[in-house]
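1. kindly return the folded structure for what I paste below:
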Amino acid sequence: MEFEPVIGLEVHAQLKTRSKIFCGCSTEFGAEPNTHVCPICLGMPGVLPVLNKKVVEYALRMAIATHCRISPESRFARKNYFYPDLPKGYQISQYELPIALAGYIDIELNGHNKRIGITRIHMEEDAGKLLHDPDQSFSRVDLNRTGVPLIEIVSEPDMRSPEEAGAYLRKLRSLLRYLDICDGNMEEGSFRCDANVSIRPAGTETLGTRTELKNLNSFKHVEKAIAYEINRQKDVVMDGGQIFQETLLWNPDKGQTTSMRSKEEAHDYRYFPDPDLLPLMVDDDWVQQITQSLPELPDAKRERFSTAHGLPAYDAEVLTSSRELADYFESCLEDYSNPKQVSNWIMGSLLALLNAEGKDIQQSPIAPRALAALLKLIDGNVISGKIAKTVFDEMARTGKPPETIVQEKGLVQVTDSSEIEQIVQKVLARNPKEVSDYQNGKEKVFGFFVGQVMRESKGKANPQRVNEILKIQIDVSSDRQ
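-> Numbering: from 1, shown residues only. So this is what the prediction gives:
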């Protein structure tokens, strides 16, 4: 029997506000445990929450960017459950009336476009964090994270493979970062994902029993965990077993899931409207104001890079994958007007360097203006493309301008025809057999001559002049015979 996976994702994105959602405590990451707390986020008796307006604005930015319908009235609810990191005994969230509904984003995978529906976006507060010491018989709780603002983005069950889920997550993270409302750091927990996975016989529409996967803190883990769960469910069904609705933890070290608890339903949380918070009213003027303030988003920027700069679709996709990378590219173009050449160097040498050092584009040791200056030296025949790679590496290591490195190391390209001619004659005289082979039709030997001349000149000879002079000198040699 053929099975079809059905995948939906619930993403929690921590918003980049300076203070928490219902109080003035700092949201800064990494502080000493239990120092960014107050009576409100600790749930002390007699305190009242006050909604942070910036949280609402950020939620609206994401809702607009994902084509959601904005609710003119939304309400906060209390989600009741007991856990040691939840000081109030409930979490303030949105339930029946969220701030946004019925949106979508488009993803591209293997050259095909697909639309993934978004069921809802709602605001809520985060819980605290339990700290487990394997050498102790107890755990500690850090409540700094309690009350940090989140938006939860719930997708429709529209994804049919781990790869589609990965593409959706990357697109979502890119949008959040373009909007500058979430840093998207999965390792620090500011971008968290739970996956709902089920299978059904191919060609049917009825949804199967789903399981929820947690502890997914990287795109790779998301895809691997979903793939594992799909195969696990197939094996259970094929063996005549039954899938139970439960929450599973992904163990990346073992590459498998383990059962955490039975899956709760909404009624298990005993939701009810929060009596301390008024309904949130959002008017059209505010939505329009926020819409007009949005930056150019990834899809629009990718399209512009292809049309205005003439870049291939793949280049445009890579360069717009993050707002910072796109900004770096356009900063280079302010000083150097060949978009494809800039794209080649960013996607090649620069990203390879950053990946090797575990850095992102904001930590690049080579500024956009410095890369543009290097490319100008190539175009001006001051250095060859091969020498430019040496200069690039030295720029990354020392931070020096390319012009300084070229002068200090004597890397100026040899363009003088008489000097190149002498080197060519020396190479031809040293390799008479290869000259004869070329003259007898073995044209591939020509590349050998070019390589020998470049090595003799220590890479400084202008490649175009080398090719021209080699052809002339080989013809002269043939005439002499």
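2. and residue 225, which of the three is it?
-> Under DSSP: H, G, I helix; E, B strand; the rest coil, the three-state class of residue 225 is helix.
3. burial of residue 106, as a residue count?
-> Each residue near residue 106 was counted by other C-beta atoms under 10 Å, and the total is 12. Using the backbone N, CA and C atoms, a C-beta is placed for each residue, glycine as well.
4. any stretches of the protein with poor pLDDT?
-> Within the chain, the set of residues satisfying pLDDT under 70 comprises 261-267, 411-416, 462, 464, 475-481.
5. tell me the domain ranges of it?
-> 3-287, 296-408, 417-480 (automatic domain parsing).
6. so who does the closest residue to residue 107 other than its chain neighbours touch?
-> Spatial nearest neighbour of residue 107, chain neighbours left out: residue 167 (4.4 Å); criterion: C-beta to C-beta, 6 or more residues apart in numbering. Residue 167 makes contact with 107, 108, 109, according to C-beta atoms under 8 Å, 6 or more residues apart in numbering.
7. 10 Å - rerun?
-> 105, 107, 108, 109, 110, 114, 116, 159, 161, 219, 223 (C-beta atoms under 10 Å, 6 or more residues apart in numbering).
8. could you do residue 296 as well?
-> Counted by C-beta under 10 Å, 6+ apart, residue 296 has contacts 178, 302, 303, 304, 320, 323, 326.
9. show me the two of those residues that sit farthest apart.
-> 303 and 323 (15.5 Å; C-beta to C-beta).
10. quick one, which of those two is more surrounded?
-> Neighbours were tallied for residue 303 and for residue 323 using other C-beta under 10 Å; the higher tally belongs to residue 323 (20 against 14).
11. am I right that the more buried one is in contact with residue 301?
-> Yes. Using C-beta atoms under 10 Å, residue 323 is in contact with residue 301, at 8.4 Å.
12. how about the helices in the stretch 151-300 of the chain?
-> Counting by DSSP state H, counting those that start in this stretch, the stretch 151-300 of the chain has helices at residues 162-178, 219-238, 284-293, 298-308.
13. can you pull the alpha-carbon coordinates of the second one into PDB?
-> Right, helix 219-238. The C-alpha coordinates for helix 219-238 follow below in PDB (Å, rounded to 0.1, in the frame of the first residue of the first chain):
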ATOM      1  CA  PHE A 219      16.200  22.700  10.000                       C
ATOM      2  CA  LYS A 220      18.200  19.400   9.600                       C
ATOM      3  CA  HIS A 221      16.500  18.000  12.800                       C
ATOM      4  CA  VAL A 222      13.100  19.000  11.600                       C
ATOM      5  CA  GLU A 223      13.500  17.100   8.300                       C
ATOM      6  CA  LYS A 224      15.200  14.100   9.800                       C
ATOM      7  CA  ALA A 225      12.600  13.800  12.600                       C
ATOM      8  CA  ILE A 226       9.700  14.100  10.200                       C
ATOM      9  CA  ALA A 227      11.200  11.500   7.800                       C
ATOM     10  CA  TYR A 228      11.800   9.100  10.800                       C
ATOM     11  CA  GLU A 229       8.200   9.600  12.000                       C
ATOM     12  CA  ILE A 230       6.700   9.000   8.600                       C
ATOM     13  CA  ASN A 231       8.600   5.700   8.200                       C
ATOM     14  CA  ARG A 232       7.700   4.700  11.800                       C
ATOM     15  CA  GLN A 233       4.000   5.200  11.200                       C
ATOM     16  CA  LYS A 234       4.200   3.300   7.900                       C
ATOM     17  CA  ASP A 235       5.800   0.300   9.700                       C
ATOM     18  CA  VAL A 236       3.200   0.300  12.500                       C
ATOM     19  CA  VAL A 237       0.300   0.400  10.000                       C
ATOM     20  CA  MET A 238       1.800  -2.300   7.800                       C
END
